[in-house]
Structure formats: C-alpha cells, structure tokens
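Enquirer: Following is a predicted model, sequence given first.
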Amino acid sequence: MALWGGRFSKDTNQRVADFSESVSYDQRLYPFDVQGSIAHVTMLAEQGIIVQADAEAIARELQAIKARLDAGEFELKSELEDIHMNIESALIAALGEVGARVHTGRSRNDQVNTDERLYLRHEADEIRAALREMQRAMVDLGSRHPEVILPGLTHLQNAQPVLFAHHLLAYVEMFERDRERLADCRKRLNRSPLGAGAIAGSTLPLNRERTAELLGFDEVLRNSMDAVADRDYIIEFLAALSLVAMHCSRLAEDVILWVSQRFRFLELDDAFCTGSSLMPQKKNPDVAELVRGKTGRVYGALFALLTTLKGLPLTYNRDLQEDKESLFDAIDTIKAILGTMAPMMASATPYADTMAAAAADPALMATDLAEWLVKQGLPFRDAHHMVGRYVGWCAAKGVGLDEATLEQMQESIPLAKPECLELFSARRSVGGRDLTGGTAPVQVAKQLAFWANRLGD
Ligand code: ARG
C-alpha cells in the first residue's frame, strides 16, 4: 500500500503505477532530497515539533540511505512512485514511527519544488563553469594565432577583413552573456518553497526562514500558493540553456563552413572528427553537426514546459511532474555540448594562408577607399557612390580594384590620389580599425589580455 493509501480500498492498477511513476528519472534528485529533509527535521526539532533525538536519528538514517544510493546499493521501486517516497519508505522501514515523522508539516508539493531548486542551483554553477572552459578554449585558440586574418562575412558574402581572434572573441562575449543569464536566473531560483505544504502552509509552528537558511536559500517565497505552483525558474533556466545551445550551434555552423573544402579555413584535430563507412577520404565535422542538431532538443524542452504550464489552474497539478525529464535531458545535452566543443576548439588549427588569400581580395577594402574619401572631406554617401562606380567599372573590365591605373580610378573617383592604390591591403585595413570593439591587432590584443585576465583563475 502506498504511503498515502489510508483512504483507498484497493492497490493501484499496475498500468497506472507504470504510467505515473517518476522515480526512473527523478532519482537524480536524491542528494537534494536528503539535504532538504535533513534541514526540515532540524527545524522541526528546534521548533519543538519533534524531539531532538528523533531528528538526529532521521538525519543519520538519511545519510545512510544517501550512501547506499551513492553506491548504487539502494533498490528503487517504481510502485513507490518517486524518489521522495522511495527515500521516505526506506526511512520508515529502518526507523519505524520515528521515520514517519519526517514528513511532518511538509507535502511533496513543496518538497519537490525545494529539491528541484537545490538541483538547479547546483547545475547553474556547473554549467557556468563549463561555459568558462568554453571561453578559455576560444581565447587560447585566438591567442595562439593573433595575426591571422580572414574575410569577415555578412550575408555569407565577403565583407571586410577581420582578425581570426576577433571572430573567436565574438563567441566569448556571447558565452559571457550566457553566464550572466544563468547567474541571474540562479538568484530567482534560490528561494525556498519549503513550509508552503500542499498549498496553504501549515497549522504547525514551522520556521520557514530557518530551513531557508539551512539550505542556503537567499529568501523565502512569500506566497504558499505561488511556492508550490511556480515553475517559472525552470522555464527561465531552459531559456538560458536554449541561448547557450544557440550560440554553440552558430559556432558549429562556422566550423562546418570553415572545414569544408570550399573554405578550407580550419583543420579540426583528427580525434574530434569521424570518417565515412564508404568514402575513404572523408573527415567529417560530426561533432559540430551534432551540436547543431542537439540544439533542437534543448529548444524542445523549453517549449514543452511552456506548453505544460499554460493551462494549469493554481496550484499543484500532476502535470507538473512533467517538468523534469526534458529539463534533465536539456542539462545533460548542454553539458555534453560544452564538454566536447571546448576541447575541439582548443585543438583546432586555422589555415592562415588560405584565410589570408581569401581576405586579400581588394574588393574587401572598398569601404576603406570610401572612408579615405570621407577623410578628404567628401560626404559619405557621395564617397560610397563614387567607389561603387569604380567597383562597377572594375567588374566590367574584369580587373581587381587594385589593378587599375590612377587615371582609370580617377574616371570614377576624381579625388583619387596615388595613396588610394595602397589601401588594398587586408593587414592595413584591419590595422586601421583601431577603435573600441574594432578588429585592429592592438584592440584585439587588448581584448585577449582582458579575457586572459578574467578567465585566468
Ligand atoms: N512525483 C511528483 C512530482 O514530481 C511528486 C509530487 C506529487 N504530489 C502530489 N500531490 N501527487 O511532481
């Protein structure tokens, strides 16, 4: 008979038990369930609701149960539904009446929400650390190749030359915002639902502030109904993870393009690629493709929970049990993505020559020519128009922008001087973009030093 079986005259139908169990996946909450229960009984004893000796016996037995779970020597029973009732049943089996006091003034509704918050607090810290490693990998790769130039793209078309390290540091910024978002989300999830009971609190003199303090929560959730019904923090967490996945997926796409034969900008270490079972020559960027592919699963978790919650009346409904499986999957997926992508990036090598050759196309310096004219006092629109005319003339003649004579250039750009013909150097172009956030080597060196310092703990 289930722990709640008092008012029932029959056992649960086996199909119902199978359909509704959650222990097969919520077992991962066990360390947090034990932590929460120990704080709860400590408070109960301090408040004189149970005796000290009972609280101590319960805490000791919970630690023993945890040790068995750690060692894989605890038999989880699906007929006991979830991890919470598996642990409580074991406690009662060991301590009898004393164990039966653990659930005093508590419901699984506040218990589950407490456990999930403790779990997510832990995972927020782990994923923030994994993002740090990802940032380190990108900064290391950039620092090893500070001079390498490649064509920066807009619309996937050559735009302007940029430093390879500048491109990599763009991702470091994205991952920094991801870390900020997780830290921010952590603030809101680090609040205690414990003591909210099933919905309305308790007639027992519980001290909610004390359990919050014991569990390291920053504050107590003010409204008991909100405390058991709220899953906003999980949605926020999944939204933050979706952005992590999206950033990794964009990086993956850059890598996939760069390693393709059309670009040949990057070589991945053999250990991070796979071959074809048929074509002997193949070396495929499967890791990057899987990162791109797995991103869909993470978004799926976000949309699943948004959908689950949208029609739920207050407060707890069993639908809320569905908040876990896809959350756990999203967390595992993100950790796997970051854990694989960081060493893949750290061990990659740019083909500096191919990148430089692609960036040497003088058309990439057309803007530099227009800006040179602006420095001579021309309005930018006029400068843009003149250079456009010159680009058109070169295209019609089939010559590069650096191949015309000064006289020919002057037909489109009357103000042109001999020094205009020297603007068509990618290195000079990059070096000229010497402003905050620009791609000039001095600026990028500053950014690399900034990140090395920030990440260097
Ligand atoms: N396994 C359930 C969950 O994760 C536990 C809470 C059940 N509460 C209830 N009143 N049936 O949501």
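Expert: Structure's in. What do you need?
Enquirer: got the residue ranges for the strands in this protein?
Expert: Assigned by DSSP state E, the strands in the chain fall at 149-154, 157-163, 191-192, 219-220, 266-267, 349-350.
Enquirer: what's the burial count for the residue in the stretch 151-300 of the chain positioned nearest to the ligand?
Expert: At 6.8 Å from the ligand, residue 198 is the closest residue in the stretch 151-300 of the chain, using Cβ to the nearest ligand atom. (Glycine included, C-beta is placed from N, CA and C.) Residues contacting residue 198 under the criterion other Cβ atoms under 10 Å number 15.
Enquirer: ok, for it, nearest residue in space, not its chain neighbours?
Expert: Among residues not flanking residue 198 along the chain, residue 107 sits closest, at 3.8 Å (Cβ to Cβ, 6 or more residues apart in numbering).
Enquirer: Distance check, residue 361 against the ligand.
Expert: The gap separating residue 361 from the ligand is 59 Å, by Cβ to the nearest ligand atom, to the nearest Å.
Enquirer: which residues sit in contact with the closest residue to the ligand within the stretch 251-400 of the chain?
Expert: The minimum distance from the stretch 251-400 of the chain to the ligand, using Cβ to the nearest ligand atom, falls at residue 321 (3.6 Å). By Cβ atoms under 8 Å, 6 or more residues apart in numbering, residue 321 lies in contact with 20, 22, 82.
Enquirer: Among those, which ones lie close to the ligand?
Expert: Of the residues in the contacts of residue 321, proximity to the ligand by Cβ under 6 Å from any ligand atom holds for 22, 82.
Enquirer: Which of the contacts of residue 321 ranks first by neighbour count?
Expert: Neighbour max across the contacts of residue 321 (other Cβ under 10 Å) = residue 82, 26 neighbours.
Enquirer: Got the phi and psi for that one?
Expert: The phi/psi pair for residue 82 (degrees, to the nearest 10) reads phi -130, psi 180.
Enquirer: and it, what is it in contact with?
Expert: Neighbours of residue 82 in contact, by Cβ under 8 Å, 6+ apart: 21-23, 26, 108, 112, 321.
Enquirer: Same list, those, but as a markdown table with pLDDT please.
Expert: A markdown table is the format used below for the contacts of residue 82 (pLDDT from 0 to 100):
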| residue | pLDDT |
| --- | --- |
| 21 | 97 |
| 22 | 98 |
| 23 | 98 |
| 26 | 98 |
| 108 | 97 |
| 112 | 98 |
| 321 | 98 |
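Enquirer: Surely residue 298 touches residue 328?
Expert: No - between residue 298 and residue 328 there is no contact under Cβ atoms under 8 Å: 11.9 Å.
Enquirer: So for these two, which residue has more residues nearby?
Expert: For residue 298 and residue 328, the more surrounded residue by other Cβ under 10 Å is residue 298, and the numbers stand at 25 against 17.
Enquirer: what's the nearest residue to the more buried one if we skip its chain neighbours?
Expert: residue 245 (4.1 Å).
Enquirer: Ok, residue 231 next?
Expert: Using Cβ to Cβ, 6+ apart, the nearest residue to residue 231 is residue 323, at 5.3 Å.
Enquirer: Likewise for residue 246?
Expert: Using Cβ to Cβ, 6+ apart and skipping the chain neighbours, the partner closest in space to residue 246 is residue 295 (6.3 Å).
Enquirer: That neighbour contacts residue 244, correct?
Expert: No - using Cβ under 8 Å, residue 295 is not in contact with residue 244, being 9.3 Å away.
Enquirer: Between those two, tell me which one has more neighbours.
Expert: Shown here are residue 295 and residue 244; by other Cβ under 10 Å, residue 244 has more neighbours (27 against 23).
Enquirer: give me the number of residues near the nearest residue to that one once chain neighbours are set aside?
Expert: Nearest residue to residue 244 in three dimensions, chain neighbours excluded: residue 178, at 4.7 Å (Cβ to Cβ, 6+ apart). Neighbour count of residue 178, defined by other Cβ under 10 Å: 25.
Enquirer: State the pLDDT value of residue 178.
Expert: With respect to pLDDT, residue 178 has a value of 98.
Enquirer: and if you look at residue 11?
Expert: Per-residue pLDDT puts residue 11 at 89.
Enquirer: And the closest residue to it other than its chain neighbours, how far from residue 8?
Expert: Leaving aside its chain neighbours, residue 11 sits nearest to residue 1 (6.8 Å; criterion: Cβ to Cβ, 6+ apart). Using Cβ to Cβ, to the nearest Å, residue 1 is found at 7 Å from residue 8.
Enquirer: Same check on residue 62?
Expert: In this view, residue 62 and residue 8 are 27 Å apart by Cβ to Cβ.
Enquirer: Which one of those two is surrounded by more residues?
Expert: residue 62 (25 against 10).
Enquirer: where does the chain dip in pLDDT?
Expert: Counting by pLDDT under 70, the ranges of the chain that qualify are 457.
Enquirer: near the ligand, which residues of it?
Expert: With the criterion set to Cβ under 6 Å from any ligand atom, the chain comes near the ligand through 22, 26, 82, 108-109, 112, 316, 318, 320-321.
Enquirer: Centroid-nearest residue for this protein?
Expert: Most central in the chain under Cα atoms, centre = their mean is residue 244, positioned 3.1 Å from the mean C-alpha point.
Enquirer: returning to what we had before: farthest pair in the residues of the chain next to the ligand?
Expert: Greatest spatial distance among the residues of the chain next to the ligand (Cβ to Cβ): 26 and 316, at 15.0 Å.
Enquirer: Check whether residue 77 really touches residue 87, as I assumed.
Expert: No - under the criterion of Cβ under 8 Å, residue 77 is not in contact with residue 87, lying 11.2 Å apart.
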